[in-house]
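Asks: take this sequence and fold it.
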Amino acid sequence: MATLPMTVPAPGLPARVRVHEVGPRDGLQNEQAVVPTEVKAEFIRRLAAAGLTTVEATSFVHPKWVPQLADAEQLYPLVSGLDTRLPVLVPNERGLDRALSLGARHVAVFASATESFAEANLNRTVDEALAMFTPVVARARDEGLTVRGYLSMCFGDPWEGPVPLEQVVRVCRALADMGCDELSLGDTIGVATPGHVQALIAALGEAGVPASTLAVHFHDTYGQALANTLAALQQGVTTVDASAGGLGGCPYAKSATGNLATEDLVWMLDGLGVETGVDLGLLTATSTWMADRLGRPSPSRTVRALSHKE
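Replies: Reported below is the predicted structural model:
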């Protein structure tokens, strides 16, 4: 049985948080080696068994751009029967076609708050990317799918520096207007701090994008991911992206380090008495298993701490 933190609730926090697990997609897309399809499928099954109700499975991008996820057609049928939400990334209408043909019910598009990253990641301007997503989101909604809009570089950009709040609000508003059910605010290079997080969420609220429609996606480059998450929860956000074992970064931003580790998030939330439905022991065992498959220890501090106690 895993060691658990003492539960001491703090005021002003939600009773429950939905953890949006991104390890199988965002985590594994950054691996040097291509992980075998069956290992990915087993990873997803174990994450679902640990109580994660949303596990982002894969990405229907062109294999040339993300060869690590070139097996999306082979992987998705291996896990589609699980009783958990399995969102997939769709960059364009062709990607949506592929996802629909396999019965996917939850999709995501991937936008940028900055011109530099839009150019690096999508080879388009911000507005050209939004125009590309508009028919994708409309068709997905017509098919009864839920649509998430990812927004990268919400707090800082490696080429442009700090990103003005109004710039992020404009793109968020555009994604909401085109029909995205949920917006995930990405701190792609990990430069956000808690006051900045709260200011952006407040600015979005004033622009008609409420915290209830937001998720946060923090990278731990400067050790701020948990502090930033807590700041977001205090503002009413109830969905947090995290990656089992702290896997992942960003292939188009060299200064991006790993995602917030799901175990570190769950340890904090367990201690605060915030419900997640996640079994920390099973989750830690899953990340340890995956680290063994990747041939290196997990960067998650909670995984390392609990592993040393066994």
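Asks: for stretch 208-220, what is the average pLDDT?
Replies: Per-residue pLDDT over stretch 208-220 has a mean of 97.
Asks: distance check, S80 against A225.
Replies: With distances taken as C-beta to C-beta, to the nearest Å, S80 is found 31 Å from A225. C-beta coordinates here come from the backbone N, C-alpha and C atoms, glycine included.
Asks: neighbour count: those two, which is higher?
Replies: For S80 versus A225, neighbours defined as other C-beta atoms under 10 Å are more numerous around A225 (27 against 13).
Asks: so the more buried one makes contact with M268?
Replies: No. Using C-beta atoms under 8 Å, A225 is not in contact with M268, being 10.3 Å away.
Asks: so where is the stretch 101-250 of the chain shaky, pLDDT-wise?
Replies: Applying pLDDT under 70 to the stretch 101-250 of the chain flags residues 249-250.
Asks: tell me where it has helices.
Replies: 115-122, 126-142, 165-178, 194-206, 225-234 (DSSP state H, counting those that start in this stretch).
Asks: so can I have JSON lines of the ones you listed showing distance to E31?
Replies: Below are the helices of the stretch 101-250 of the chain laid out as JSON lines (distance: least, C-beta to C-beta, whole Å):
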{"stretch": "helix 115-122", "distance to E31": "18"}
{"stretch": "helix 126-142", "distance to E31": "26"}
{"stretch": "helix 165-178", "distance to E31": "28"}
{"stretch": "helix 194-206", "distance to E31": "29"}
{"stretch": "helix 225-234", "distance to E31": "20"}
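Asks: so which of these comes closest to S307?
Replies: For the helices of the stretch 101-250 of the chain, distance to S307 was read as C-beta to C-beta. The smallest value, 19.4 Å, belongs to helix 225-234.
Asks: just give the closest residue to L122, not the sequence neighbours.
Replies: Closest residue to L122 in three dimensions, ignoring its sequence neighbours and counting by C-beta to C-beta, 6 or more residues apart in numbering: A129, at 4.9 Å.
Asks: next up, the contacts around the one you found.
Replies: By C-beta atoms under 8 Å, 6 or more residues apart in numbering, the residues touching A129 are 111-112, 118, 122.
Asks: could you check how far it is from F117?
Replies: For A129 relative to F117 (C-beta to C-beta), the value is 10 Å.
Asks: circling back: how far away is the residue nearest to L122 from A104?
Replies: Relative to A104, and taking C-beta to C-beta, A129 is found at 21 Å.
Asks: next one: V240
Replies: Taking C-beta to C-beta, one finds V240 at 22 Å from A104.
Asks: could you do A33 as well?
Replies: Where A104 is concerned, A33 sits at a distance of 26 Å (C-beta to C-beta).
Asks: more neighbours, the two?
Replies: A104 (23 against 10).
Asks: ok, the residue nearest to A242 when sequence neighbours are not counted - how many residues close by?
Replies: Excluding the flanking residues, the one nearest A242 by C-beta to C-beta, 6+ apart is T262, at 4.0 Å. When counting by other C-beta under 10 Å, one arrives at 35 neighbours for T262.
Asks: was I right about T262 contacting H20?
Replies: No. Using C-beta under 8 Å, T262 makes no contact with H20, being 9.7 Å away.
Asks: mutual contacts of these two, please.
Replies: Counting by C-beta under 8 Å, 6+ apart, the common neighbours of T262 and H20 are A242.
Asks: so the residue nearest the centre of the chain bridges to which residues?
Replies: With distances taken as C-alpha atoms, centre = their mean, the residue of the chain nearest its centroid is D241 (4.0 Å). Under the criterion DSSP bridges, D241 forms beta bridges with H20.
Asks: so what's it up against?
Replies: 20, 22, 26, 184, 215-218, 259-260 are the contacts of D241 under C-beta under 8 Å, 6+ apart.
Asks: re earlier: look up phi and psi at the residue nearest to A242.
Replies: phi -60, psi -40 (degrees, to the nearest 10).
Asks: who are the contact partners of the closest residue in space to R141 that isn't next to it in sequence?
Replies: Nearest non-adjacent residue to R141, counting by C-beta to C-beta, 6+ apart: G179, 4.8 Å away. G179 makes contact with 137-138, 141, 147, according to C-beta under 8 Å, 6+ apart.
Asks: let's have the residues you listed in TSV, adding distance to R304.
Replies: Output for the contacts of G179, formatted as TSV (distance: C-beta to C-beta, whole Å):
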residue	distance to R304
V137	40
A138	45
R141	42
V147	36
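Asks: and those, which are buried?
Replies: Buried members of these, scored by 16 or more other C-beta atoms under 10 Å, are 137, 141, 147.
Asks: return the member of those residues nearest to T7.
Replies: Of those, the one sitting nearest to T7 (C-beta to C-beta) turns out to be V147, at 35.4 Å.
Asks: cool, thanks, signing off.
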